[in-house]
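J.: Sequence and computational prediction follow.
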Amino acid sequence: MNDKINKLKNSRKTFFFTIILIDLITVALTYFIMPVVQSFPPLSEDFGFQEKVQQLTHIQQYLIVFILGITIHLISFKVIMKNITEYINKYTNKEKISDNEIFKVRKECQNIPYKVLIIQMSLFVSIGIIFNLIMLVQFFTIVKFTLMIVAITSIVSLLTFIATQKYLNKVLSSTYEITKAYNKDIGFRVNNTKSLILQTIPLIVVVLVILSLIGYSKAIEQKGYASANYYKVYLKTMEFDKKEINRDYLINKLNEIPLNDLNDSYFIVSPYNENTYNSNLEKPISNFVIEYKNYFYQNFKEGMLYENFGTDEQVYAKSIQDALGKEWLIGFKFSIVDQHLLLYYFAIIFVLVIIFSIILKIWAKNISKNTSKISNNLKEILNSNDIAENSIIPIMSNDELGDLSYYYNKIQEKLINQQDIISIQSKFSAIGEVAAGMAHDINSPASAIEGTVNLLYDFKVDSNEEEYELLLDNMKVAIQKILKIVNNSREQFRNHDSLEKEKFTLNDVLTNIKNAEEHAIIKERCSIKTQIDREINIYGIKSKLYQVIVNLVRNSLNAYKDNNRQGEIRIEAQDNEKEIIIKIIDNAGGIPEEIKHDLFKKILTTRGTKGTGLRFIPSGQYYRSRF
């Protein structure tokens with residue numbers, strides 16, 4: 001027990017360590033993937049540069065996200081697993097746990113993984129979008145970032161779901177060590193098909209989103225190079241007179257260059273503390289461009305610069321000197337957003353997810369088909385009167401489902417063998433009891449016949465004719481009694497295995513039981529009384545109903561005997577049209593509480609070597625089937 005307690009404690013620690021590890025790995029992978037997906041400027045992951053252009057470096061931002069994620073996880077798990085924690089504390093301290101608490105814990109062990117999946121996805125996506133809207137301004141940048149957040153959240157939620165389910169399954173298993181009681185349909189009902197789709201679609205979405213964003217990033221990178229080369233040709237061939245260089249001169253010169261796109265604009269950065277000139281006042285260049293140039297290219301002459309992190313705008317700039325040797329920075333700002341391409345990727349993601357979902361559903365249904373068949377066959381066994389009636393399940397594949405079918409067939413063979421053994425043992429037990437009763441019952445009339453015969457040897461018929469006839473009558477009564485005993489026993493065994501349905505009355509069954517058990521009833525100084533409102537007609541297997549009732553009557557007689565009591569066995573019956581309720585009542589002390597749960601399931605006896613424990617097993621089989 002101590003080993004099991006330690007394992008459960010360790011699994012709890014392992015679970016929380018796994019959650020922290022999932023968050024850590026996710027943040028680390030995001031740190032490396034995000035620059036590629038969001039088209040961050042080259043070299044921009046430099047810590048020193050990031051300190052110049054923003055308040056927090058990316059490492060600091062991801063550290064905050066990691067701490068926030070861990071905090072949310074730990075707090076949410078603490079709240080949502082409150083009852084689980086209370087149960088584990090009681091379990092480890094070996095305190096008493098009620099059945100209601102057990103069933104509540106089992107239900108939560110089933111439900112919590114799905115609650116965590118839904119809450120976590122909703123919460124993290126909401127936080128990501130809010131953070132996104134605060135930090136970013138461009139619509140398409142927000143869309144890309146949101147897609148990335150959804151992809152990351154999906155994979156984190158899935159991994160957390162798997163880890164949570166694995167941990168809670170161990171908790172669930174521990175509850176069966178406390179009580180063997182069980183019930184069906186605890187928690188959310190999620191079939192195998194839905195569960196497989198739920199756990200697979202997020203992976204597909206993650207792969208498609210990341211690949212699409214990387215593909216889009218590479219495509220717009222090439223578009224950026226094309227736009228940069230366009231302006232590079234003009235700026236490289238354009239001649240500037242150093243003596244004439246000033247803002248107006250440069251404006252006129254840049255106006256000579258046709259824009260590659262109507263949304264493009266040019267800018268002029270003066271070395272004389274003048275405001276930066278932008279041909280499009282709505283889209284001025286940011287300080288990021290200047291800081292990027294100054295930090296990475298101190299002797300910048302000409303080349304590409306970038307507007308910001310994850311912003312789909314770039315700059316091609318050129319540095320020129322005036323007559324005083326001062327550096328002017330001129331260039332063109334252009335957008336590299338490709339709306340049609342982005343929408344194209346969205347459409348591909350949507351269509352592929354739909355196609356994968358359909359294929360996955362068909363595949364999942366095919367996988368679960370064999371499992372459902374096994375489940376239905378097991379249900380048939382539960383409701384069947386004879387296990388041997390059920391057919392084997394064909395082994396359709398050489399995998400886990402094939403193994404399941406194989407072992408199901410083996411279990412069914414074993415159950416059939418055990419059923420046969422129990423049936424034979426039950427018959428022998430019944431034969432023994434009836435034979436003992438017959439021996440006793442036949443002994444009395446046989447002794448009477450023997451005594452009468454001895455008298456007849458010395459008897460003179462002529463002088464005592466009346467007495468002679470009386471002796472013969474006594475012998476006839478004794479012989480008829482013997483024949484009745486033999487016929488009752490023969491009828492009892494003849495019908496023992498009969499499975500033919502017929503019409504009969506409950507009184508017929510009870511009368512046969514009274515006759516068959518007459519010796520045992522008298523011997524234990526008991527009596528049987530019946531209380532039936534009216535004649536109850538039954539259509540079914542008479543011998544099975546007989547066996548159930550007689551087994552319970554014999555159990556009552558033995559209980560009276562073992563407790564040195566004598567009393568009454570009362571059989572009551574009510575027919576309420578929908579069902580017939582039969583009660584066998586005695587005052588012999590009742591069934592011990594500790595074995596009530598296992599009645600009709602195991603071979604049990606409270607009589608030690610005097611009992612076989614075989615009566616309740618066939619009775620359980622009979623009452624679960626239809627008479």
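T.: Cool, got the structure. Residues are numbered from 1 along each chain as shown.

J.: Just the helices from the stretch 251-400 of the chain, written as ranges.
T.: Taking DSSP state H, counting those that start in this stretch, the helices of the stretch 251-400 of the chain run over residues 287-296, 339-383, 400-457.

J.: The stretch 501-627 of the chain now?
T.: 506-516, 518-523, 542-562, 593-596, 616-624.

J.: ok, now how distant is the spatially most central residue of the chain from residue 313?
T.: For the chain, the residue nearest the mean C-alpha position is residue 110 (5.9 Å; CA atoms, centre = their mean). Distance of residue 110 to residue 313, given as CB to CB, to the nearest Å: 51 Å. Where C-beta positions appear, they are placed from N, C-alpha and C, glycine not excepted.

J.: do residue 62 as well
T.: 24 Å.

J.: Residue 195 is in contact with the residue nearest to the centre of the chain, correct?
T.: No - contact criterion CB atoms under 8 Å: residue 110 and residue 195 do not qualify, at 11.7 Å.

J.: Can you give me the domain boundaries for this protein?
T.: With domains defined by automatic domain parsing, the chain comprises 2-189, 238-337, 351-415, 421-624.

J.: Show me the strands in the stretch 201-350 of the chain, by range?
T.: 265-269, 277-278, 302-306, 313-321, 327-335 (DSSP state E, counting those that start in this stretch).

J.: Identify all contacting residues around the second one.
T.: For strand 277-278, the external contacting residues (CB atoms under 8 Å, 6 or more residues apart in numbering) are 247, 251, 265, 266, 267, 268, 269, 270, 284, 285, 333.

J.: Could you rerun that using 10 Å?
T.: 247-248, 250-251, 254, 265-270, 284-285, 330, 333 (CB atoms under 10 Å, 6 or more residues apart in numbering).

J.: same thing with the third one?
T.: Where contact means CB under 10 Å, 6+ apart, the residues beyond strand 302-306 that reach it are 39-44, 224-225, 227-229, 231-232, 235-236, 285-286, 288-293, 296-297, 313-320, 329, 331, 333.

J.: 8 Å - rerun?
T.: Residues contacting strand 302-306 (CB under 8 Å, 6+ apart): 41, 44, 224-225, 228, 232, 235-236, 288-289, 292-293, 297, 313-319, 331.

J.: Would you show me how to pick out the buried ones of the residues you listed in ChimeraX?
T.: To isolate the buried ones among the contacts of strand 302-306 in ChimeraX, judged by 16 or more other CB atoms under 10 Å, type:
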select :41,44,224,228,232,235,288,289,292,293,313,314,315,316,317,318,319,331
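
J.: before we move on, back to that, quick one, which of the domains of the chain is nearest to residue 343?
T.: domain 2-189 (10.1 Å; CB to CB).

J.: starting at the chain centroid, how far to the closest one?
T.: Put simply, domain 2-189 sits 18 Å off its chain's centre (CA atoms, centre = their mean, to the nearest Å).

J.: any idea what sits nearest residue 352, other than its immediate chain neighbours?
T.: Among residues not flanking residue 352 along the chain, residue 208 sits closest, at 5.8 Å (CB to CB, 6 or more residues apart in numbering).

J.: OK, contacts around the one you found?
T.: Contacts of residue 208 by CB under 8 Å, 6+ apart are 348, 349, 352, 353.

J.: distance of the third one from residue 346?
T.: For residue 352, the distance to residue 346 under the criterion CB to CB works out to 11 Å.

J.: And the pLDDT for residue 330?
T.: For residue 330, the model assigns a pLDDT of 92.

J.: same thing with residue 487?
T.: pLDDT at residue 487 comes out at 65.
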